[in-house]
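**Q** Model the structure of this input:
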Amino acid sequence: MGNVINRKKNPNELKSCLICWEKISTREWVECVICNIVLHKLCEKKYRGEKGYCECPHCRRIGTIGTVCCSTEWPL
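**A** Next up, the predicted model:
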């Protein structure tokens, strides 16, 4: 997983992980650049397993999962 997504996000916006459905309240998540779903980094790592590549569990595209870098300033 080598993609880095840098976009403005509301830090108060809590989303749910697509795999475990728990709220993601920290900055420890990854996101699909195609369908914008979010996952905990640990959930994505478990989902990926021994595949050696990342695949979105929603849209099934390969290489679209990336680490999210959020700006602390909201709104822009």
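**Q** tell me the strands in this structure, going along the chain?
**A** With DSSP state E as the criterion, the chain has strands at 3-7, 15-16, 23-24, 29-32, 38-40, 65-70.
**Q** Low-confidence stretches in the protein?
**A** Applying pLDDT under 70 to the chain flags the ranges 1-14, 26, 68-76.
**Q** Just the helices from it, written as ranges.
**A** Using DSSP state H, the helices of the chain run over 41-48.
**Q** Quick check: bridge partners of residue 32?
**A** Taking DSSP bridges as the rule, residue 32 bridges to residue 65.
**Q** That one contacts residue 56, doesn't it?
**A** Yes: proximity of residue 32 to residue 56 meets the contact threshold set by Cβ atoms under 8 Å, at 4.2 Å. Just so you know, the C-beta spots here come from the backbone N, C-alpha and C atoms, and that holds for glycine as well.
**Q** Overlap in contacts, those two.
**A** Shared contacts of residue 32 and residue 56, defined by Cβ atoms under 8 Å, 6 or more residues apart in numbering, are found at 64-65.
**Q** quick one: the nearest residue in space to residue 42 that is not next to it in sequence from residue 21, how far?
**A** Spatial nearest neighbour of residue 42, chain neighbours left out: residue 28 (7.7 Å); criterion: Cβ to Cβ, 6 or more residues apart in numbering. Per Cβ to Cβ, to the nearest Å, residue 28 is found 16 Å from residue 21.
**Q** higher neighbour count, those two?
**A** residue 28 (11 against 8; other Cβ atoms under 10 Å).
**Q** The more buried one touches residue 44, doesn't it?
**A** No: the criterion here is Cβ under 8 Å, and residue 28 misses it with residue 44 at 10.4 Å.
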